[in-house]
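Q: Dropping a prediction and its sequence here:
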Protein chains: 2
Amino acid sequence: MRCTGDIEVRDLEEVAINIDPIQAGGRLTADAMKAIIAYGDGYSVCDNCRKPFRLDHIKKPPLDAFHHDLARFVGMDEARVMPGARRGFQAVADTYVEKGSPVLLTALSHYTEFLAIEAAGGVPREIPKDAKNIITADAAASRIEDVTREFGRPPALLFIDHFDYQFGNEHQVREIARAARAYDVKVMYNGAYTVGIMPVDGKELGVDFVVGSGHKSMASPAPSGLLATTKEHAQELFRTTQAKGDITGRAFGVKEVELLGCTLMGATIMGMMASFPHVRERVNRWEEELANGKIVIDALRSIEGTAILSEYPRKHTLTRVDTRKSFDRVAESHKKRGYFFTSALSEKGIGGVIPGATRVWKFNTYGLTKQQAEYLASAFTGIARENGIPVS
Amino acid sequence: MRCTGDIEVRDLEEVAINIDPIQAGGRLTADAMKAIIAYGDGYSVCDNCRKPFRLDHIKKPPLDAFHHDLARFVGMDEARVMPGARRGFQAVADTYVEKGSPVLLTALSHYTEFLAIEAAGGVPREIPKDAKNIITADAAASRIEDVTREFGRPPALLFIDHFDYQFGNEHQVREIARAARAYDVKVMYNGAYTVGIMPVDGKELGVDFVVGSGHKSMASPAPSGLLATTKEHAQELFRTTQAKGDITGRAFGVKEVELLGCTLMGATIMGMMASFPHVRERVNRWEEELANGKIVIDALRSIEGTAILSEYPRKHTLTRVDTRKSFDRVAESHKKRGYFFTSALSEKGIGGVIPGATRVWKFNTYGLTKQQAEYLASAFTGIARENGIPVS
């Protein structure tokens, strides 16, 4: 069906159970949908922008209160909305990384962290994962020492993804933060896969910066996200401009350098804000999400030759699975080749797996009801049985 | 009326003629509204993202073709979508400005240019405006020489706003670009008030970089915008990452450093794209827009004591007006004080002027029909007459 011009309507969420690994937490709530309709126009939130002319001071709609809520939501003192988590990484890197500064991230870090460090002129160094694909505090401490030896100074920052994008494994954030503190290294917490789907308390974890993604995990339109910090670091990270016109003498008040002034002036922040009451509540249902995920994981594990590559039991709904010895064996002789699997899923109303994937792939059960999880589980085992793979 | 939660419906565009100076060009088209409803979800455009996994390579929806269209639209070779014009300034500054590098901008430059330069560690120097509030090529050339003397090297970049945000005056872009070229200085064209409302041809103007704003002038949701350049500079500005994991050996393919990978993954780019056929066409109706604007300007000029501070005749629909000797005189003794004026406008169904403004203020007639322009004109003269100000 045509939406407009040469744009087709997107109906994936309407016609299928979507298990795409990155889309699950960013589906809009009905309230966000209403808000983006009412506030779709470019600078829609600026109708009542008054002195000091900054997004987080606007009272109508209540963006000021929303910013306070966001800070509290992640257990930090100050928060700003950003055009995506990556722009949060950039702001932190730009503030603390000098040209040539070493920065630690991990063997499972997202590429946007590497890019933020590269853009700031920093030198990335990885903390290795252990045999179980976990980033441990011991590995972090040891790498802090390595880097200090190599560069003659400690890393300017340490980036840690609470749950990584490859396995959805939980890493030792609290312990890593404790270790980093001992070496006086600032910790940047990447909550792209946590903030908005499970409870996160940055101060309790002992981190210095918390970044979250609106479009990945806060039921918001892209690009959106948040960047939060402590009162102490807010002075630096959210520093206001010192620039002056050398001829006019113009100064630019309370505009914040790393934000480049205002960030999300319309549909994006309104979508975030309208979803927020739901998001704040849904993080408390994380155990239910894991229980639903387990239904699917157990079904996959019952299919002979299928291995869960992510840590088990699962602590996240994003999971990496290896079906080289199950569905990929079928693909070898199936007339649809590798496409038989996603084609069979599609016939059962399941979407979000890359067409042709039968080897190592990822999926996310976030947001499924128990009934949908059971249906998905039976779809996997059903496709296995239909293709002669034993199911225990 | 309640939209959702504690968010009121925004109905300014439905109940009033909105002459807000920054909102006029960013009102969504009906097609953009349809597109953001269909593609509201976070990562909605990523359903068919395949190798090399980059936004501008996605074929369905046709984001790849849209990127080519955008480049052609502004007369450049390559274009990318960005989270606002300011993020385009930042990408250009980060690429070309070293710590301590001098950068030229103008006495009428937008604050976001100062911030982008400050974030990159550059030192801003202004080109003065002349007595008529115009930035001339002579002034630019002279300041290039000043800066070269002061810093021992020419400016790393020269930012020029084709039309500025304060007066909506046109500056000598073509001549400034020619002068800059003679000194081998790269020119960054700020088209926040041009790209999407009037024809812009970057190569024909002789500039190196073109930045446009989706939410300011391309009928798109915020934050959105474009950054375009020539084939020559694209290698530098859109350079792909060189980062490597020192332990894993991971590399990150074609991800572009200054973009931090993908930029607008959902509602924002779909809004831009759905509006684009209309935007591409509407730039050709700029003369009509100016003619409608003139109806309003002439009415204001007929009100005794009212001065148009912008250049006259107007070449833009954004205008700065001085009513200190007309409406502000009334405010002195009116029982509503300064609020009488915006209150009277509001009663006549006109919005977008800061409440209480009666001294120096701005408005934008972009997008008004001739009939609306005539109505607005008669509203201004009507309010003058009702309050005893002579109208000639």
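A: Received it, and whenever you're ready, just let me know what you need. Numbering: from 1, shown residues only, chains lettered A, B, ... in the order given.
Q: From here on, just use CA atoms for contacts and neighbour counts.
A: Will do.
Q: Tell me where the stretch 101-250 of chain A has helices.
A: In the stretch 101-250 of chain A, helices defined by DSSP state H, counting those that start in this stretch lie at A:111-119, A:137-151, A:173-182, A:202-205, A:214-217, A:231-237, listed in chain order.
Q: Show residues contacting the lowest-mean-pLDDT helix or strand in chain A.
A: Confidence across the helices and strands of chain A bottoms out at strand A:2-4, with a mean of 92, counting by mean pLDDT, DSSP states H and E. Residues from elsewhere that reach strand A:2-4, judged by C-alpha atoms under 8 Å, 6 or more residues apart in numbering or on different chains: A:8-9, B:31, B:34-35, B:38, B:274.
Q: Right, and chain B sits closest to which residue of the stretch 1-150 of chain A?
A: A:Gly42 (3.9 Å; C-alpha to the nearest C-alpha).
Q: how close does A:Pro155 sit to B:Gln242?
A: As judged by C-alpha to C-alpha, to the nearest Å, A:Pro155 and B:Gln242 stand 20 Å apart.
Q: what about the residue of the stretch 1-150 of chain A closest to chain B, how many neighbours?
A: As a burial measure, A:Gly42 scores 33 neighbours (other C-alpha atoms under 10 Å in any protein chain shown).
Q: same question, A:Arg285
A: Residue neighbour count, defined by other C-alpha under 10 Å, stands at 12 for A:Arg285.
Q: just the one 3 residues further on next, same as before
A: Under the neighbour criterion other C-alpha under 10 Å, A:Glu288 is assigned a count of 16.
Q: Then A:Gly214?
A: The local packing count at A:Gly214 equals 34, with neighbours defined by other C-alpha under 10 Å.
Q: if I pick it, what's in contact with it?
A: With contacts taken as C-alpha under 8 Å, 6+ apart, A:Gly214 has the following neighbours: A:26, A:84-85, A:196, A:220-226, A:272, B:42.
Q: what's the spacing between it and B:Ile176?
A: 41 Å.
Q: Ok, A:Ala177 next?
A: Per C-alpha to C-alpha, A:Ala177 is found 52 Å from B:Ile176.
Q: Could you do A:Leu55 as well?
A: The spacing between A:Leu55 and B:Ile176, counted by C-alpha to C-alpha, is 34 Å.
Q: Repeat that for A:Thr263.
A: As for A:Thr263, its distance to B:Ile176 is 30 Å (criterion: C-alpha to C-alpha).
Q: Okay, and the residue nearest to A:Lys348 when sequence neighbours are not counted sits in which element?
A: Counting by C-alpha to C-alpha, 6 or more residues apart in numbering or on different chains, the nearest residue to A:Lys348 once its immediate chain neighbours are dropped is A:Ala379, at 7.0 Å. Counting by DSSP states H and E, the secondary-structure element that holds A:Ala379 is helix A:370-386.
Q: quick one: buried residues of that helix?
A: Buried residues in helix A:370-386, counting neighbours by 16 or more other C-alpha atoms under 10 Å in any protein chain shown, are found at A:370, A:373-384.
Q: ok, the spatially most central residue of chain A - contacts?
A: Ranked by distance to the mean C-alpha position of chain A (C-alpha atoms, centre = their mean), the top residue is A:Ala192 at 1.9 Å. Neighbouring residues of A:Ala192 by C-alpha under 8 Å, 6+ apart: A:85, A:161, A:211-213, A:216-217.
Q: Repeat that for A:Thr106.
A: Applying C-alpha under 8 Å, 6+ apart, one finds that A:Thr106 lies in contact with A:125-129, A:135, A:159-160.
Q: Looking at strand pairing, list the partners for it.
A: With DSSP bridges as the criterion, A:Thr106 is bridged to A:Ile127.
Q: Quickly note the distance from it to A:Arg181.
A: In this structure, A:Thr106 lies at 17 Å from A:Arg181, with C-alpha to C-alpha as the measure.
Q: what's the domain layout of chain A?
A: Residue ranges of the domains in chain A are recorded as A:2-24+A:285-386, A:43-265, according to automatic domain parsing.
Q: quick one: average confidence on the last one?
A: Averaged across domain A:43-265, pLDDT comes to 98.
Q: how distant is it from the center of its chain?
A: Between the mean C-alpha location of domain A:43-265 and the chain-wide mean there is a distance of 12 Å, by C-alpha atoms, centre = their mean, to the nearest Å.
Q: ends of it, how far apart?
A: Distance between the boundary residues of domain A:43-265 (C-alpha to C-alpha) amounts to 5 Å.
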